[in-house]
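Novice: Predicted coordinates and the sequence they were generated for:
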Amino acid sequence: MDNFLFADSELLGKRLLVASDQPLPEGLIPAVSTGLIMQQISGCDWLRWEALIEQHQPDMFLCLVDAAFLSTAAGVNNLVLSRGRFDFSVMHRMLYSSDTTQIQKAILALTQTYLDEFRRRIIGTVYQITHDGVTITDQNNRILWVNDGFTHITGYSRQEVLGKNPSLLQSGRQPRSFYKALWETLLQQGYWEGEVWNRKKTGEFYSEWLRIHLVKDEQQGTHHHVAVFSDLTQVKVGEERMFHLAHHDALTDLPNRTLLMDRLRQALQFAERNAGGLAILYVDLDRFKPINDQEGHFTGDSVLIQVADRIQKCIRKTDTLARVGGDEFVLAMTELSSAQDVVRVANTIIASVKEPVIVEGKKLQVGCSIGISLYPEDGNDIQTLIEHADAAMYCAKEKGGGCYHLASTKTDC
């Protein structure tokens, strides 16, 4: 400072001119030209050169300058060419001295400030453009900042949540013990991650994957909480869709054999515990093959869809109807008071299916044959009950179709 005779207030926010274009006194080492400096910047992070610095008084001072450069590849160039001079922006107090150690320290401090600011801007930009929601709270868990992802997912604007507790999003699906365990883990380990059900401003529930970090101060006290969450709604929809496709018939959207077996196991367990009834009806269409062969698969598919819809209208919501083959269906009925309940449903299905099916204005006639097995009379396990119902269905076919047949483990058709 003594060499330049400038006060701090005169330097703060100003630009330090290095590589002056003033003529040099004879005998002094010439200053490095700005063109040479520009060439060297691209190849290194440090550059040392001798430069004339103008003092407060109208004479010059020769100074050895060590300067650090922020990478232009990172999008920041703190050294800019202006009217043939190289200007270095002074953002903080700069130490001017002929002592190169002080100059180097000052340049390094200034460089670190620029780097810190650059990192903050990059991180802030990432938080702002990410589709995930980001929430920053203070040590009292009051919201200080949220990004656009937060407002998009939750429906709340920044103004509506600033100063509030994130608990305003709670759905009520998790008990207090869940949040107690969450906070215990967060305080002990400084991090928590898991699935949480929250509520949007509209009242709609949504699932999110939440990650929370503690940010501590120099004394290791909690200073901030940073939470980042991803909306799992589309993931859940995708998972449910995949499950549905894996367990339902693609044509009729009825349960397939896999889902049928699972429900039959549950129904059998319920019947065993409650001494209740269980019936399996094996339904096979009559005269379907000629229609499918002669009219084509499009017509055949239309017939199957209409028949499936008709059968569903004949049964209860607690019953399960599944498509297990080309023109074969299996119906599982539970909580039966007597075998007559099953027979009544079988007759209703037969009457409904034999009604004409209309496809593209053409009337088509099909029917169905039904085999019936009952638990525990016709078997104590699922496989046996299905086999007996299938055999009984063929008995109904042999009778000419359009009827039902009760299975028996002792007598044939």
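Specialist: Received it, and whenever you're ready, just let me know what you need. Numbering: from 1, shown residues only.
Novice: and Glu239, how many neighbours?
Specialist: Counted with other Cβ atoms under 10 Å, the neighbours of Glu239 add up to 11. In short, each C-beta sits where N, CA and C put it, glycine included.
Novice: if I look at it, how far off is Lys399?
Specialist: Counting by Cβ to Cβ, to the nearest Å, the separation of Glu239 from Lys399 is 46 Å.
Novice: Kindly report the same for Ala181.
Specialist: Distance from Ala181 to Lys399, by Cβ to Cβ: 65 Å.
Novice: Can you pull out the low-pLDDT segments for the chain?
Specialist: 1-129, 218-222, 409-413 (pLDDT under 70).
Novice: can you give me the helices for it?
Specialist: 8-11, 34-41, 100-129, 148-154, 158-161, 176-189, 233-247, 257-274, 288-295, 297-312, 339-353, 382-398 (DSSP state H).
Novice: In JSON lines, list these along with distance to Ile212.
Specialist: Listed next are these as JSON lines, based on distance: least, Cβ to Cβ, whole Å:
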{"stretch": "helix 8-11", "distance to Ile212": "43"}
{"stretch": "helix 34-41", "distance to Ile212": "43"}
{"stretch": "helix 100-129", "distance to Ile212": "15"}
{"stretch": "helix 148-154", "distance to Ile212": "14"}
{"stretch": "helix 158-161", "distance to Ile212": "16"}
{"stretch": "helix 176-189", "distance to Ile212": "6"}
{"stretch": "helix 233-247", "distance to Ile212": "20"}
{"stretch": "helix 257-274", "distance to Ile212": "38"}
{"stretch": "helix 288-295", "distance to Ile212": "59"}
{"stretch": "helix 297-312", "distance to Ile212": "47"}
{"stretch": "helix 339-353", "distance to Ile212": "55"}
{"stretch": "helix 382-398", "distance to Ile212": "47"}
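Novice: Out of those, the one nearest Cys368 is which?
Specialist: Taking Cβ to Cβ, helix 339-353 is the member of the helices of the chain nearest to Cys368, at 4.5 Å.
Novice: other SSEs contacting that closest one?
Specialist: Under the contact criterion of 3 or more Cβ pairs under 8 Å, 6 or more residues apart in numbering; DSSP states H and E, helix 339-353 touches strand 278-286, helix 297-312, strand 328-334, strand 367-375, strand 404-406.
Novice: which residues are in contact with stretch 327-338?
Specialist: Applying Cβ atoms under 8 Å, 6 or more residues apart in numbering, the contact partners of stretch 327-338 are 254, 260, 263-264, 267, 270-271, 276-285, 288-289, 292, 304, 308, 311, 315-316, 318-324, 341-342, 345, 349, 386, 389.
Novice: Repeat that for stretch 265-281.
Specialist: Identification of contacts with stretch 265-281 by Cβ under 8 Å, 6+ apart yields 264, 320, 330-339, 342, 345-346, 349, 370-375, 381-382, 385-386, 389, 404.
Novice: what's the answer for stretch 390-410, then?
Specialist: With Cβ under 8 Å, 6+ apart as the criterion, stretch 390-410 contacts 281-284, 286-287, 339, 343, 346-347, 350, 354, 367-374, 377-379, 388-389, 412-413.
Novice: which among those residues end up buried?
Specialist: Neighbour counting by 16 or more other Cβ atoms under 10 Å classes 281-284, 286, 346, 350, 354, 367-374, 377-379, 388-389 among the contacts of stretch 390-410 as buried.
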